[in-house]
Every structure is written in structure tokens, then in C-alpha cells.
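[1] Everything below, folded, please.
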Amino acid sequence: MACRISELVLDAADPERLAAFWSEVLGYVELGREDDGSIEIGPPDGGPQPTLVLSPSSAPRPGKLPLHIDVSATDRDQDAELERLFALGARPADVGRTGTESWRVLADPEGNEFCLLRARIRPA
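    Just a heads-up that it's a prediction; the model follows:
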């Protein structure tokens, strides 16, 4: 038997704000809250995708995160999804791209980098 990723934990200065952002980006819903202020979001139907746990932290992050999230649109092309993500509060992230890559590098409202891939995938 193998393991699978069940949750990704992301430190957040404002877990409420990031939970709202990532819920809209991914079509997730709030699944629960912990006494420490952590908020878990995930698929509304409890599907196999990993959940995200936004954990409160006041510790500053030095430099680039060693892990980032990649997302792919399910119902529109990359340009249309990019506009939707900007409307939700994402912004371009300058990481030294050449401009020929097929993905777009963005930052969430707290500056965490993530990539919008070109390929569209089927909804779960």
C-alpha cells in the first residue's frame, strides 16, 4: 500500500483571507477550523484531491517557498482563467521567466507563488 498526499499546509498571516482566495480558485469549501485558527478547505464532495490547511503564522518567510502549487483550468482557456484569478486578487510574480514558458507565475494575496498551467484538465 502506498501513501497519497492528503493535505497541504500553508502558513498564513491571514488564514481567513487565504482560505477565501483558494476556495474561489479551486472551487473548495471550508471543511473545518481548529482552535489555533487553522482553516481547512477542500472539495465539496470530499473527493480525492488534497485539502489545504491555512495555518496562522506571524513568522516572516525568508525567500522563495520550497514548494508551490500548480493549477490548471477545468472549464476555460488559460487567458480566461488568468483574468478570473486576477479578479480574485492574484497578481503576476516576477521569477525571471523568459516569456516563452507555457505557464504563468502568479502570487496569491500573501505573495505565495503558484503557477497557472496552460493545459486544461477535466473536473474531478
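
[2] C-alpha from now on. contacts and neighbour counts both.
    Will do.

[3] what about the helices in this structure?
    Here the chain has its helices, by DSSP state H, at 15-26, 78-88.

[4] mind putting the ones you listed in JSON lines, distance to residue 32 and mean pLDDT included?
    Listed next are the helices of the chain as JSON lines, based on distance: least, Cα to Cα, whole Å; pLDDT from 0 to 100:
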{"stretch": "helix 15-26", "distance to residue 32": "11", "mean pLDDT": "96"}
{"stretch": "helix 78-88", "distance to residue 32": "22", "mean pLDDT": "95"}
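
[5] closest to residue 33 out of the ones you listed?
    Between residue 33 and the helices of the chain, the tightest spacing by Cα to Cα is seen for helix 15-26, at 10.4 Å.

[6] Export the closest one to PDB, keeping only CA atoms.
    The C-alpha trace of helix 15-26 is given here as PDB (Å, rounded to 0.1, in the frame of the first residue of the first chain):
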ATOM      1  CA  PRO A  15      -5.900  32.400   7.200                       C
ATOM      2  CA  GLU A  16      -9.400  33.800   6.500                       C
ATOM      3  CA  ARG A  17      -8.300  35.800   3.500                       C
ATOM      4  CA  LEU A  18      -6.200  33.000   2.000                       C
ATOM      5  CA  ALA A  19      -9.000  30.400   2.700                       C
ATOM      6  CA  ALA A  20     -11.400  32.600   0.800                       C
ATOM      7  CA  PHE A  21      -8.900  33.100  -2.100                       C
ATOM      8  CA  TRP A  22      -8.000  29.500  -2.500                       C
ATOM      9  CA  SER A  23     -11.600  28.300  -2.100                       C
ATOM     10  CA  GLU A  24     -12.600  30.500  -5.000                       C
ATOM     11  CA  VAL A  25      -9.600  29.500  -7.100                       C
ATOM     12  CA  LEU A  26     -10.100  25.700  -6.600                       C
END
